[in-house]
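A.B. asks: need coordinates for the below:
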Amino acid sequence: MSVYSIRDLERLTGIKAHTIRMWEKRYRLILPARTETNIRYYNDENLRLLFNIALLNRAGYKISKLAKMPPEEISARAAEFTRRTETTDNRIEALTLAMLDLDEAAFERIFLNYQWEHGFEPVMLDVIYPFLNRLNELWLTRSISLAHEKFITQLIRRKLMVAIDSEMLKPEPNAPRFLLYLPEDERQELTLLFLFYLLRRRGIRVLYLGSGVSLSDLQDAVQSFKPDYVYTILNDPLPRQSVQQYLDKASKALGSVQMLVSGMQVFANPVQFPPNVRRLNGLPETLQLVEQWKGHKV
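C.D. replies: This is a model prediction of the structure:
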């Protein structure tokens with residue numbers, strides 16, 4: 001059983017801590033347990049109940065009415081409301097609950113329903129990436145465990161791999177060549193896999209090296225594949241060196257090949273970018289360039 005503070009509940013559900021306390025005091029809705037030193041804490045059952053209450057409250061249910069319902073009825077009504085509504089917020093909340101419950105069937109239902117209605121690319125852009133942004137915040141604030149993160153990221157990774165394999169190798173004659181990789185100790189593989197899918201779907205030639213790639217291995221791959229662009233992400237702190245040092249070494253290893261780099265580290269640190277290194281502001285700017293890359297060199 002997981003244990004949560006009231007700040008964890010606030011981060012997970014978006015409901016302010018003072019509102020949770022007010023609901024507890026006035027309506028006795030979310031009742032925490034207490035440690036021997038009288039510190040409040042909450043469990044999985046409290047969290048699920050709070051998610052469902054928040055969902056129904058935003059749908060128009062008054063808190064005073066919800067306070068009179070047994071938890072089973074609240075859960076049933078919330079599940080029915082989620083099935084009938086299509087807002088992104090509701091789907092993200094449902095995915096968060098599926099992650100916390102380690103519920104693969106719930107994840108599949110949410111993902112496949114949206115994919116069936118809109119397609120794979122929209123489900124990634126409209127649902128999964130907003131959810132991953134929330135997941136990153138929860139991980140940074142330690143509101144979720146490593147088990148939760150690994151459970152949900154592996155499910156999303158499986159979806160990406162299936163989608164990539166379903167796209168036949170059919171590069172456009174004049175399309176640029178891309179090499180995608182992640183340096184050692186970088187965890188953002190889902191973003192890189194999604195870019196792999198986007199490029200391949202648009203007929204752009206891609207070499208995907210994945211994570212844990214050293215600069216010497218990258219240099220060998222560049223010499224053999226001769227890409228026009230190398231794309232990477234620097235989101236996590238680099239071990240034993242600064243971002244500037246890494247980019248300077250990468251620039252020399254690539255020679256005349258242009259490097260495209262995104263991620264938190266290239267914005268959080270002062271960096272003088274070498275001439276053949278270009279910073280991209282996350283997925284939105286990358287998507288804009290994907291459309292420019294289609295079928296011709298930029």
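
A.B. asks: hey, let's count contacts and neighbours off CA atoms from now on
C.D. replies: Will do.

A.B. asks: which other helices and strands does the helix or strand hosting residue 18 contact?
C.D. replies: Using DSSP states H and E, residue 18 sits in helix 17-27. Judged by 3 or more C-alpha pairs under 8 Å, 6 or more residues apart in numbering; DSSP states H and E, the packing partners of helix 17-27 are helix 6-13.

A.B. asks: one more time with 10 Å
C.D. replies: With contacts taken as 3 or more C-alpha pairs under 10 Å, 6 or more residues apart in numbering; DSSP states H and E, helix 17-27 sits against helix 6-13, helix 63-66.

A.B. asks: please report how far the residue most central in space within the chain lies from residue 151.
C.D. replies: Taking C-alpha atoms, centre = their mean, the centroid of the chain lies closest to residue 132, which sits 2.1 Å from it. Distance, residue 132 to residue 151, by C-alpha to C-alpha, to the nearest Å: 13 Å.

A.B. asks: with residue 37 instead?
C.D. replies: Distance from residue 37 to residue 151, by C-alpha to C-alpha: 34 Å.

A.B. asks: comparing the two, which residue is more hemmed in?
C.D. replies: Set residue 37 next to residue 151 and count neighbours by other C-alpha atoms under 10 Å: residue 151 wins out with 16 against 6.

A.B. asks: any idea how many residues pack against residue 29?
C.D. replies: For residue 29, the neighbour count with other C-alpha under 10 Å is 23.

A.B. asks: contacting residues for it?
C.D. replies: Neighbour list for residue 29: 20-23, 46, 49-50, 53, 63-64, 66-69, 71 [criterion: C-alpha atoms under 10 Å, 6 or more residues apart in numbering].

A.B. asks: closest one of the residues you listed to residue 196?
C.D. replies: residue 50 (37.9 Å; C-alpha to C-alpha).

A.B. asks: the residue nearest to the closest one when sequence neighbours are not counted: helix or strand, and which one exactly?
C.D. replies: Using C-alpha to C-alpha, 6 or more residues apart in numbering and skipping the chain neighbours, the partner closest in space to residue 50 is residue 30 (7.0 Å). For residue 30, there is no host helix or strand (DSSP H and E).
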